[in-house]
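**Q** no sequence on this one, just coordinates:
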Ligand SMILES: NC(=O)c1ccc[n+]([C@@H]2O[C@H](COP(=O)([O-])OP(=O)(O)OC[C@H]3O[C@@H](n4cnc5c(N)ncnc54)[C@H](O)[C@@H]3O)[C@@H](O)[C@H]2O)c1
């Protein structure tokens, strides 16, 4: 049985084939080629089987989002499959899963490598999405430090004094890494991705129930409960709500949206920034 006779298909590359990423891909994948990259062979097997049994055309590749060479090989593989119209990066570790250094290397530097690598292969008119976090809004970074971050190459990020001095625990490292993700989208939209006439944005979820969030609930229950209770929504979010917004940002109706971040948190950051609720991030 030949399910699909189309030979030339647009490519969707997903780095980090986890809960949110696969939910976003599912919204946009009909008639396209999906390339999933993840460090876990077991996860790739499970997720690609789910996609295949739902009628999607999917390939997989083991990728370590900590390693520049591995990410570049992933981008090259995507380009070899067809026009790379969509790139989504969700590879990440949360504060209770990793040390400050591991978080900075994966969530910040690894994302930088991915933005750089896909900035060399995106097709004209393509779109990218980095999954950042509401935490990117929790500790405003001084304007001059943000300017340093924007001026730095990916390799130079770890040497920025503010980052070295502030990211002394996993929570602070995560907050900084996710703010840098938002800035990475902004910078790429004006530089490498602009040159390819492709758009790139970030999306900052609040607390979304996934296995990663369950790890956080287990370790930081009270803080998490306080964030939920402080939001106007008074609940956690779902991967389907993230997928809806992600598909919009990647799609043609968002054709004029570029280099920005969309916060989807039920109102937690509104409560924090307006002083209704506060959290100790140090
Ligand atoms: N779940 C939440 O509440 C929440 C909130 C805000 C932001 N986020 C961010 O959203 C992103 C996705 O989170 P999720 O909840 O879907 O988590 P998830 O654990 O379902 O997905 C993360 C994926 O990244 C992969 N990964 C981890 N390390 C990797 C590496 N070195 N190389 C390649 N792949 C690697 C994992 O195998 C996993 O498939 C993360 O960056 C997370 O920080 C999550």
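**A** Good, I have the coordinates. A quick note: this is a predicted structure, and the numbers were derived from the prediction, not measured. Residues are numbered from 1 along each chain as shown.
**Q** Pick out the residue closest to the middle of the chain.
**A** residue 131 (2.2 Å; CA atoms, centre = their mean).
**Q** Now do the contacts for residue 105.
**A** Shown in contact with residue 105 (CB atoms under 8 Å, 6 or more residues apart in numbering): 66, 158. Heads up, the C-betas are built off the backbone N, CA and C, glycines and all.
**Q** just residue 55 next, same as before
**A** By CB under 8 Å, 6+ apart, the contact set of residue 55 is residue 3.
**Q** swap the cut-off to 10 Å and go again
**A** 3, 4, 29, 30 (CB atoms under 10 Å, 6 or more residues apart in numbering).
**Q** about what we covered before: the residue nearest to the centre of the chain is in contact with residue 90, isn't it?
**A** Yes: counting by CB atoms under 10 Å, residue 131 touches residue 90, with 4.3 Å between them.
**Q** residues bridging contact with those two, i.e. touching both?
**A** 15, 16, 18, 20, 21, 24, 111, 203, 205, 242, 246.
**Q** and the ligand, which of those residues contact it?
**A** Restricting the shared contacts of residue 131 and residue 90 to those adjacent to the ligand (criterion: CB under 6 Å from any ligand atom) gives 16, 18, 20, 205.
**Q** returning to what we had before: list just the nearest of the shared contacts of residue 131 and residue 90 to the ligand.
**A** Relative to the ligand, the closest of the shared contacts of residue 131 and residue 90 is residue 18; by CB to the nearest ligand atom it sits at 1.8 Å.
**Q** which ones are touching the closest one?
**A** Residues in contact with residue 18 (CB under 10 Å, 6+ apart) are 38, 40, 43, 47, 90, 91, 92, 131, 210, 211, 212, 239.
**Q** Touching, the last one and residue 20? I think so.
**A** Yes: with contacts counted by CB under 10 Å, residue 239 reaches residue 20, the gap being 5.2 Å.
**Q** which of those two has more neighbours?
**A** Taking neighbours as other CB atoms under 10 Å, residue 239 and residue 20 compare with residue 20 leading, 25 against 21.
**Q** So which other helices or strands are in contact with the host helix or strand of that one?
**A** Here residue 20 sits within helix 19-28, counting by DSSP states H and E. If you count contacts as 3 or more CB pairs under 10 Å, 6 or more residues apart in numbering; DSSP states H and E, helix 19-28 packs onto strand 11-15, strand 33-38, helix 41-52, strand 84-89, strand 122-131, strand 199-205, helix 211-230, helix 239-250.
**Q** Using CSV, lay out these together with mean pLDDT.
**A** Output for the helices and strands packed on helix 19-28, formatted as CSV (pLDDT from 0 to 100):
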stretch, mean pLDDT
strand 11-15, 98
strand 33-38, 98
helix 41-52, 98
strand 84-89, 98
strand 122-131, 98
strand 199-205, 98
helix 211-230, 82
helix 239-250, 98
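**Q** Turn the ones you listed into TSV, including distance to residue 177.
**A** Below are the helices and strands packed on helix 19-28 laid out as TSV (distance: least, CB to CB, whole Å):
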stretch	distance to residue 177
strand 11-15	15
strand 33-38	19
helix 41-52	22
strand 84-89	12
strand 122-131	11
strand 199-205	12
helix 211-230	14
helix 239-250	18
